[in-house]
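Student: can you look at this prediction? I've put the sequence above it.
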Amino acid sequence: MSDDQLLTTVRRWIAHDPDPTTRDELQALSDAAESGDEAALEELRGLFAGRLTFGTAGLRAALGPGPLRMNRLVVRQTAWGLVHFARGRMTTGEEDGTGSVAIGFDARHGSHDFAVETARVFLEAGWQVGAFDRPMPTPVLAQQVMFEDADIGIMVTASHNPPRDNGYKVYFGGRLARLVESDGAGVGAQITAPTDVQVAGLIDAVVEDTMSAAPADPQPPAQQSLTMPPRVWKLGWTARAAYRWNTASLVDRRRHPHRDLRIVYTAMHGVGAEMVAAALRDAKFRDVVEVEEQCRPDPDFPTVEFPNPEEPGALDLALKTAERHDADLVLANDPDADRLSAAAFDPARGAWRQLSGDEMGVLLGAHILERGALSPEAPEGAPVVMANSVVSSRQLGALCRARGVEHHQTLTGFKWLARVRGLTFGYEEAIGFCVDPHSVRDKDGVSAAVILAELAAQLRADGRTLFDRLAEIAEETGHFVTGQITVRVEELSQLGEITSALRNAPPAELAGSPVTAALDLQKDPLPGRRFEEATVTDALIFDTEAGDRVIVRPSGTEPKVKCYLEAVGDTRDEAEARLEVLRGSLESLVS
């Protein structure tokens, strides 16, 4: 758009923005730009260069004004887009297109206000609205959608993103989910293509309609904080108790009764501490030491550079606490507690070692293969079905083949894993685990923490470690070692450049081994699947004659390109050596 059109759009945005903070920020930029400040004009061009779209896990961006940032007006427009989508699907001769929505939020900057803004929109549209009375983990909201058969679930969170970010996850449940996907596969799960594109189209229509003129009423005066409307049904003790009871029901006290385990736990300044402490206590794990500096919610995440348990240094405080207390296991959630990381003392190295997401995935998968479906609600006699995302290790698949168990690979994101029919356990390498898909159709770092503790306690009672168990599994499957290369970019628009270059000039060999298969998920299906336009994604997969694999894809939530490496060998040392050669080979291609 021209600069005149841009400034007109900015003035309209200011007129509609309900938040005095972002309104004043945008007004200052607009005034400066109209006075000839080129830097201010360039900043406005960046803020209005497009609109947030649904990525791997919903909307996610830095806080700030304009359609490419997270703010109350973007949230209001998104909520109205969801209302119009649901109305179009649910309106019949007897139904008026309204339903029920459950709203949760974490402790990040802006989360509560975005939840209030969402509640106001759905109330105005005539919906029954339930909202949590305080910040809660994402899996508690996801379970509420399932237990209450809510038509829509909304979680305001940016998960493990930097402090300046926030986000918006959308789940469909109830009648709406069944109308959108008649096979019921999406009940309780986050929305996928093409639904997200259809919702985005309706959001655009809302924007076009409302932004075409100044608002009829002036914006309200500044408020220090927003409060939930009185007509909102408060989700509180009952919802939390239901989640606790269900999580406690997953452990097997008869076959795995041991609880002699000292656990160090960190919430990474997020909202997991209360629920994890209660869940472990309910499961009879009494010896739990919290990392005090990190167990109270703090949206500034003061003790870590990046609030992701996977990041180097993020577990330093937890590991120091573990050494000080002579602990057996470290458990760590990300800020909204839907992911889980873990560390244990490795006798072979004489030091603590953080487990990778793939190592945790195969440990939990093997444990559940032996136990069967964990939930008491699982159909009796139903076959075990396991799945992981395509960027995760192939080891769980190898274990399932060895045991004659059904296994699936899906696209990246739990919205796809949750749709695997009959799923018993699913995971993705980015420390996301679903141990109870009957209750939570998403990753759940709380219930996964309890089940990993059950496994670790049993192994300790048997005189073994998690690393011993990994070695036993490798004897059955072969040795799989995974790693990553991350290429950070300045702008989201640069994300596709690396994959585009590899697409135009694919490698003939990697780590000295010929590339025997190359998949482009913009035009090829995953093995065993059929190609669908709705599942097109920007990802490239290269398999080599030596059995190694490389996957390159832009991140769905952050400005970086991720390269996933996996090497195999007859021994772990051999696989690790091959991985380093593979790493060097790929770095020369993407640097």
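Tutor: Alright, I've got the coordinates.

Student: now Ser555: how far from Gly496?
Tutor: When distance is defined by CB to CB, to the nearest Å, Ser555 is 12 Å away from Gly496. All C-beta atoms are positioned from the backbone trio N, CA, C, and that covers glycine.

Student: ok, those two, which is more surrounded?
Tutor: Here Ser555 and Gly496 are compared on neighbour count by other CB atoms under 10 Å; more neighbours surround Ser555, at 19 against 14.

Student: could you say which helix or strand contains the residue lying closest to that one once chain neighbours are set aside?
Tutor: Leaving out its chain neighbours, the residue that sits closest to Ser555 by CB to CB, 6 or more residues apart in numbering is Lys562, at 5.6 Å. When secondary structure is defined using DSSP states H and E, the element that contains Lys562 is strand 560-569.

Student: what's the angle between the helix or strand that comes right after that strand and strand 560-569?
Tutor: Proceeding N to C from strand 560-569, the next assigned helix or strand is helix 572-590, under DSSP H and E. On the basis of axes from the mean of the first three to the mean of the last three CA atoms, to 10 degrees, helix 572-590 is oriented at 150 degrees to strand 560-569.

Student: what residue ranges in the stretch 301-450 of the chain score low on pLDDT?
Tutor: When residues are selected by pLDDT under 70, none of them lie in the stretch 301-450 of the chain.

Student: what residues sit buried inside the least confident helix or strand in the chain by mean pLDDT?
Tutor: Every helix and strand in the chain was compared by mean pLDDT, DSSP states H and E; the lowest is helix 495-504, with a mean of 83. Buried residues in helix 495-504, counted by 16 or more other CB atoms under 10 Å: 495, 498-499, 502-503.

Student: over to stretch 3-13?
Tutor: By neighbour count on 16+ other CB under 10 Å, the buried set for stretch 3-13 is 6-7, 9-10, 12-13.

Student: contacting residues around it?
Tutor: For stretch 3-13, contacts defined as CB atoms under 8 Å, 6 or more residues apart in numbering pick out 1, 26, 29-30, 33-34, 41, 44-45, 48, 65-67, 73, 211-214.

Student: sec struct for Pro525, please.
Tutor: Going by DSSP: H, G, I helix; E, B strand; the rest coil, the secondary structure assigned to Pro525 is coil.

Student: contacts only, for Ala457.
Tutor: Neighbour list for Ala457: 256, 258-261, 285 [criterion: CB under 8 Å, 6+ apart].

Student: just the buried residues out of the contacts of stretch 3-13, in ChimeraX syntax.
Tutor: Paste this into ChimeraX to select the buried members of these, with burial taken from 16+ other CB under 10 Å:
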select :26,29,30,33,41,44,48,65,66,67,73,211
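
Student: got the residue ranges for the helices in the stretch 101-250 of the chain?
Tutor: Listed in chain order, the helices of the stretch 101-250 of the chain (DSSP state H, counting those that start in this stretch) span 111-124, 138-147, 174-180, 195-210, 237-248.

Student: what comes up buried for the shortest one?
Tutor: Buried positions in helix 174-180, judged by neighbour count with 16+ other CB under 10 Å: 174-178, 180.

Student: pLDDT and distance to Phe414 added to these, as TSV?
Tutor: As requested, the buried residues of helix 174-180 are exported to TSV (pLDDT from 0 to 100; distance: CB to CB, whole Å):
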residue	pLDDT	distance to Phe414
Gly174	95	19
Arg175	95	23
Leu176	97	19
Ala177	97	15
Arg178	96	20
Val180	95	17
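
Student: from the residues you listed, which two are the most distant?
Tutor: Spanning the widest gap among these are Gly174 and Val180, at 10.6 Å by CB to CB.

Student: picking that back up, who touches the strand holding Lys562?
Tutor: Applying CB under 8 Å, 6+ apart, the set of residues contacting strand 560-569 from outside is 391, 393-394, 429, 478-489, 495, 498-499, 511, 546-555, 575-579, 582-583, 586, 590.
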